[in-house]
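Novice: predicted model and sequence follow; I will ask about them next.
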Amino acid sequence: MNRFKDLTGKKFGRLTVMSVANKKYKDRGVIWNCLCDCGNKVKVRERHLIDGGTRSCGCLMIEHTKIIQVKATNVDRFKGTKIGQLTRKISSSNSSGYKGINWDKKRSKWRVRLTLAGKEKHLGYFDKLEDAIECRKKGEKKYFKPIIEEYKKSFSGGGVQART
């Protein structure tokens, strides 16, 4: 019988080794019964405990994933508005050549809209593209400009112009 180092009671990340599950697993070392800080019980190979490959029952990865998702969702948001979308390029499928303006086939008019804080704001329907463009520009000035200016101020030391 091979001798092995007793890891009982030792802590590896969030796992506390409780007892030996199998002394040998397909010639790949000892398997240990472990208790995670969250209360789950798992079986882990000795080398995965020692080399840090397994530090929890899986709860650690779930927590990290949730944190990453929250950060990714809020990375460029300011007051609920995605700043990058306010200044993004026009889609190649855009029929008008302008953001937020598209042709409404049912009404045979140009539809103008913008999105702010995740909510779409309808600005109107127009017969002429020029009128729709003017409406969109006024809408951007009214709704986007204050958000962008406040966003810039929040990163420039409270009213002092940021260097470019």
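Specialist: Ah, there it is. What you see is a predicted model; the values in this text were computed from it and never measured.
Novice: who's in contact with residue 103?
Specialist: 95, 96, 109, 110, 111 (Cβ atoms under 8 Å, 6 or more residues apart in numbering). Quick note: C-beta positions are derived from backbone N, CA and C, even for glycine.
Novice: show me what it bridges to in the sheet.
Specialist: Beta-bridge partners recorded for residue 103 (DSSP bridges): residue 110.
Novice: let me have the contacts of residue 103 in TSV, adding distance to residue 119, neighbour count and pLDDT as columns.
Specialist: Output for the contacts of residue 103, formatted as TSV (distance: Cβ to Cβ, whole Å; neighbours: other Cβ atoms under 10 Å; pLDDT from 0 to 100):
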residue	distance to residue 119	neighbour count	pLDDT
95	23	12	78
96	22	17	84
109	22	16	96
110	21	24	96
111	16	18	95
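Novice: closest to residue 134 out of those?
Specialist: residue 110 (10.9 Å; Cβ to Cβ).
Novice: quick one, what contacts the closest one?
Specialist: 96, 101, 102, 103, 104, 125, 126, 127, 128, 129, 131, 132.
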